[in-house]
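Peer 1: next come a sequence and a model predicted from it.
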Amino acid sequence: MASLDFEKEKHAFREFYDSNWKLFENTKKTYIHIISSLLNGSDIGEVTKIEGRVKDKEECIKKFHRKYQNKLEADEHPYEIKDYLSDLIGIRIICLYEDQIEVVSEELKQHFKIIDVTDKISAVESTEDSFGYKGLHMDLVLNEQLSSLPKYQQYADYPFEVQIRSLIQDAWSVLDHKIKYKKSIPNDLKRRINVLSALFELADREFKEIRNATTELIQQATVAPISDPLDDSRENGDRPATAASEKTVNAFNFLRVAGHFFRDFEFEDYKVDGFVQGILKQHSGFQKSDLHKSLNENLRTVRDYRDHFMAENPDNTFSPYTSIRHCLYLYDQETFSRILSKGPKDRFKD
């Protein structure tokens with residue numbers, strides 16, 4: 001029963017915590033599962049981490065003492081410590097980019113009931129001489145729809161705090177917590193910390209801009225013609241260097257061309273990047289139109305060979321990358337003599 005006796009309430013809270021700790025752990029895991037399912041089924045983009053913790057019981061008591069005890073006792077308002085801990089269960093969501101934070105929060109608002117929101121991003125940005133980590137904190141509880149489901153009813157009375165941060169914000173928060181005596185250090189050190197904080201913020205912004213620019217390049221490659229007509233100026237070497245470089249094969253126009261010929265295959269970004277660099281090491285001026293021509297002229301032959309090879313070697317693989325290597329070899333055996341290793345090359349020749 002609620003009282004104004006802090007010692008009594010501390011004892012009651014410790015008993016409550018110890019007897020329900022397993023339930024708290026299960027609640028945490030359940031919330032992580034629900035949030036993971038929601039975000040995986042959305043268009044938010046990649047979320048790098050969703051993790052949780054049950055707050056240490058002594059930390060809970062310290063927080064209550066710091067934030068609530070004095071006012072409640074001054075108002076002679078009886079209390080139970082557990083009723084003032086919305087972050088007993090905490091979930092942290094780490095996004096790749098800062099602009100995903102708001103999108104994630106909107107998704108959560110549709111499926112949970114909001115108790116409180118603390119926007120540390122706005123708080124830091126509105127204070128010129130302040131430093132600290134950014135992020136969005138939300139105190140939530142299951143909404144009526146979720147709490148009415150039998151499998152979630154036992155968790156309906158347990159709110160939780162969600163911290164949503166970008167990858168850069170999370171890195172800064174780790175370092176920020178390692179800086180001791182932030183309020184007492186000399187001004188010159190405060191300025192240095194502010195500079196460091198600004199560099200992290202700049203990195204966050206630049207990663208987002210690079211993502212946007214990369215997306216735009218992919219879109220441009222998608223709408224551009226798959227192949228470019230050959231012209232005399234290219235063959236004669238009279239073509240301006242900038243114009244030629246724009247049509248040199250890169251990861252973006254490679255995806256456009258290769259995707260046209262291999263529609264059912266998902267080309268992974270990092271593999272495409274490495275594969276294209278391998279092509280350019282053997283022919284630094286290789287162009288998108290060359291790639292298109294090599295596939296257009298040779299892919300039928302390579303596919304016939306692939307079918308024959310796989311019939312005799314059913315345990316082996318013959319991926320689209322392998323098919324493209326064979327097409328490039330047929331297209332220009334002198335330039336791409338090293339595109340196939342010795343064994344595959346000898347078999348292909350035979």
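Peer 2: Now that the structure is in, tell me what you want to look at. The shown structure was predicted, so the numbers you read here are calculated from the model rather than taken from an experiment. Numbering: from 1, shown residues only.

Peer 1: C-alpha only now, for contacts and for neighbours.
Peer 2: Fine.

Peer 1: quick one: contacts of stretch 138-158?
Peer 2: Stretch 138-158 is touched from outside by 27, 86-87, 89, 111-118, 159-163, with contacts defined as CA atoms under 8 Å, 6 or more residues apart in numbering.

Peer 1: can we see that at 10 Å?
Peer 2: If you take CA atoms under 10 Å, 6 or more residues apart in numbering as the criterion, stretch 138-158 is touched by 23-24, 26-28, 30-31, 34, 83, 85-91, 105, 108-119, 159-164.

Peer 1: so for that stretch, what gets flagged as buried?
Peer 2: Neighbour-count burial for stretch 138-158 flags Met138, Asp139, Leu140, Val141, Leu142, Leu146, Ser147, Tyr155, Ala156, Tyr158 (criterion: 16 or more other CA atoms under 10 Å).

Peer 1: secondary structure element holding the fourth one?
Peer 2: Secondary structure assignment for Val141, by DSSP states H and E: strand 136-142.

Peer 1: what's downstream of that strand, the next helix or strand?
Peer 2: As the chain continues past strand 136-142, the following element, by DSSP H and E, is helix 144-147.

Peer 1: now that following helix: average pLDDT?
Peer 2: Averaged across helix 144-147, pLDDT comes to 90.

Peer 1: any idea how far apart the tips of stretch 161-171 sit?
Peer 2: Across stretch 161-171, the straight-line distance between its terminal residues is 20 Å, by CA to CA, to the nearest Å.

Peer 1: same deal with stretch 90-109?
Peer 2: Chord length of stretch 90-109, first to last residue, is 16 Å (CA to CA).

Peer 1: how distant is it from the center of its chain?
Peer 2: 10 Å (CA atoms, centre = their mean, to the nearest Å).

Peer 1: what of stretch 148-166?
Peer 2: Per CA atoms, centre = their mean, the displacement of stretch 148-166 from the mean C-alpha position of its chain is 23 Å.

Peer 1: drop anything exposed from the contacts of stretch 138-158.
Peer 2: Applying 16+ other CA under 10 Å to the contacts of stretch 138-158, the neighbour count classes 24, 27-28, 31, 85-91, 105, 108, 111-112, 114, 159-164 as buried.

Peer 1: any regions of the stretch 1-150 of the chain where pLDDT drops low?
Peer 2: 120-134 (pLDDT under 70).

Peer 1: re earlier: as CSV, the buried residues of stretch 138-158 with distance to His292 would be great.
Peer 2: Formatted as CSV, the entries for these read as follows, by distance: CA to CA, whole Å:
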residue, distance to His292
Met138, 51
Asp139, 54
Leu140, 53
Val141, 55
Leu142, 54
Leu146, 52
Ser147, 56
Tyr155, 57
Ala156, 58
Tyr158, 59
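
Peer 1: from those residues, pick the one nearest Thr301.
Peer 2: When the buried residues of stretch 138-158 are compared for distance to Thr301 (CA to CA), Leu146 wins out at 56.9 Å.

Peer 1: gap between that closest one and Gln153?
Peer 2: Counting by CA to CA, the gap between Leu146 and Gln153 amounts to 8 Å.

Peer 1: and what of Ser284?
Peer 2: In this view, Ser284 and Gln153 are 63 Å apart by CA to CA.

Peer 1: in the top helix by length along the chain, what's buried?
Peer 2: For the chain, the helix reaching the highest residue count under DSSP state H is reported as helix 187-223. By neighbour count on 16+ other CA under 10 Å, the buried set for helix 187-223 is Lys190, Ile193, Asn194, Ser197, Phe200, Glu201, Asp204, Arg205, Lys208, Ile218, Ala221, Thr222.

Peer 1: stretch 280-299 too?
Peer 2: Buried residues in stretch 280-299, counting neighbours by 16+ other CA under 10 Å, are found at Phe286, Gln287, Lys288, Ser289, Asp290, Leu291, His292, Lys293, Ser294, Leu295, Asn298, Leu299.
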